[in-house]
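A.B. asks: pasting the structure only:
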């Protein structure tokens with residue numbers, strides 16, 4: 001039976017830092033603020049006649065279709081539906097329509 005000896009100067013193990021913290025915090029900023037800034041940059045969109053205007057009002061991410069583990073098992077991207085509330089304004093008639101539009105499934109970083 002052998003006895004182990006440690007000649008290390010530090011007796012305790014250092015806590016491993018979160019190696020992807022920069023990426024996850026950057027991605028969270030993109031979800032919270034970056035998407036909003038992007039929609040503000042392109043809003044409103046007007047047709048070539050200037051009669052119709054499409055404004056981006058708000059956006060939301062829904063619940064993912066599958067939990068993280070099930071997404072891995074199914075070999076599918078862990079994602080959530082991105083919906084954008086838009087407002088269509090007809091400047092000739094004054095008609096205003098608000099509607100939620102599904103923009104696609106948005107990948108979620110875990």
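C.D. replies: Arrived safely. Please read these numbers as outputs of a predicted model, since none were measured by experiment.

A.B. asks: tally of neighbours for the closest residue to residue 45 other than its chain neighbours?
C.D. replies: Nearest non-adjacent residue to residue 45, counting by CB to CB, 6 or more residues apart in numbering: residue 54, 4.5 Å away. Where C-beta positions appear, they are placed from N, C-alpha and C, glycine not excepted. Applying other CB atoms under 10 Å, we find 16 residues neighbouring residue 54.

A.B. asks: In the host helix or strand of residue 54, which residues are buried?
C.D. replies: Using DSSP states H and E, residue 54 sits within strand 52-61. Counting neighbours by 16 or more other CB atoms under 10 Å, one finds that the buried residues in strand 52-61 are 52-56, 59.

A.B. asks: Report all helices and strands that it contacts.
C.D. replies: helix 35-42, strand 45-46, strand 79-90, strand 96-107 (3 or more CB pairs under 8 Å, 6 or more residues apart in numbering; DSSP states H and E).

A.B. asks: so what strands line up beside the shortest one?
C.D. replies: Think strand 45-46. strand 52-61 (antiparallel) (DSSP bridges).

A.B. asks: and the partner strand, what's its mean pLDDT?
C.D. replies: Here strand 52-61 scores 95 as its mean pLDDT.

A.B. asks: between that strand and helix 35-42, how many degrees?
C.D. replies: In terms of direction (axes from the mean of the first three to the mean of the last three CA atoms, to 10 degrees), strand 52-61 departs from helix 35-42 by 170 degrees.

A.B. asks: one step back: which one of the buried residues of strand 52-61 is nearest to residue 18?
C.D. replies: residue 59 (27.7 Å; CB to CB).

A.B. asks: who are the neighbours in contact with the closest one?
C.D. replies: 35-36, 39, 82-85, 103 (CB atoms under 8 Å, 6 or more residues apart in numbering).

A.B. asks: Can you name the residues bridging to the residue nearest to residue 45?
C.D. replies: residue 45, residue 88.

A.B. asks: wait, what's in contact with it?
C.D. replies: 43-46, 86-89.
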